[in-house]
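> Got a predicted structure plus its sequence, pasted below:
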Amino acid sequence: RHRARVSVTRLDATRWQERDALSYDRVLVDAPCSSERHVLQKGGEQLRTWNLNTSRANAARQLQLLKCALKAVKPGGLVVYSTCSISKLENDDVVRKAMAAVKGEEACRVVAPRELPGWLQAYMRSSLPGAWRERTRYGWWCLP
């Protein structure tokens, strides 16, 4: 049985690997994003004011966050990258660029749901019906 240890640091998440390189077994990057999924769902003013520059700016920030996470995780560790965007720009493109910049695609791989830790598999089974999961090149869209 694992005992989880969580630290709250209030450090700049685009720089924390400088202090803690190769230190973590697991890293969660719940990245700020343009929320297209929610924008499309709600429509209205959010949909009228959305523009591609928002996605581009978010993708740049997301790339920095994910690169730091990849530098901070131990070899063999797990990084979960999560957004609520449905944009390739903010998902697969960010993952591809981060893997190439940090470790190379051969050193990083996308895992199938069956390879995830048991607690995460259980969450996906109970909360995300199979019909709402779709494979992308570097991950999965999971729409509740």
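Cool, got the structure. Numbering: from 1, shown residues only.
> for the longest helix along the chain, what is the average pLDDT?
In the chain, taking DSSP state H as the definition, the longest helix is helix 52-72. Regarding helix 52-72, the rounded mean pLDDT is 92.
> Check this structure and tell me which residue is nearest its centre.
For the chain, the residue sitting closest to the mean C-alpha position, by CA atoms, centre = their mean, is Y81 at 1.4 Å.
> all helices of the protein, in order?
17-20, 36-42, 44-49, 52-72, 92-102, 118-127.
> now the fifth one and helix 52-72, what's the angle there?
If I follow you right, that is helix 92-102. On the basis of axes from the mean of the first three to the mean of the last three CA atoms, to 10 degrees, helix 92-102 is oriented at 40 degrees to helix 52-72.
> Can you point out the buried residues in helix 92-102?
93-99, 102 (16 or more other CB atoms under 10 Å). Every C-beta, even on glycine, is put in place using the N, C-alpha and C of the backbone.
> want to throw these into CSV with pLDDT and distance to T49?
Converted to CSV, the buried residues of helix 92-102 look like this (pLDDT from 0 to 100; distance: CB to CB, whole Å):
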residue, pLDDT, distance to T49
D93, 95, 23
V94, 95, 23
V95, 92, 27
R96, 91, 29
K97, 93, 27
A98, 92, 28
M99, 88, 32
V102, 80, 34
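> Looking at those, which one is closest to S126?
Among the buried residues of helix 92-102, V95 lies closest to S126 (CB to CB), at 25.6 Å.
> who touches that closest one in this structure?
Going by CB atoms under 8 Å, 6 or more residues apart in numbering, V95 touches 66, 81, 110, 138-139.
> So which of the residues you listed wins on neighbours?
When neighbours are counted by other CB atoms under 10 Å, L66 leads these with 23 neighbours.
> I'd like the distance between that residue and R114.
L66 sits 23 Å away from R114 when distances are taken as CB to CB, to the nearest Å.
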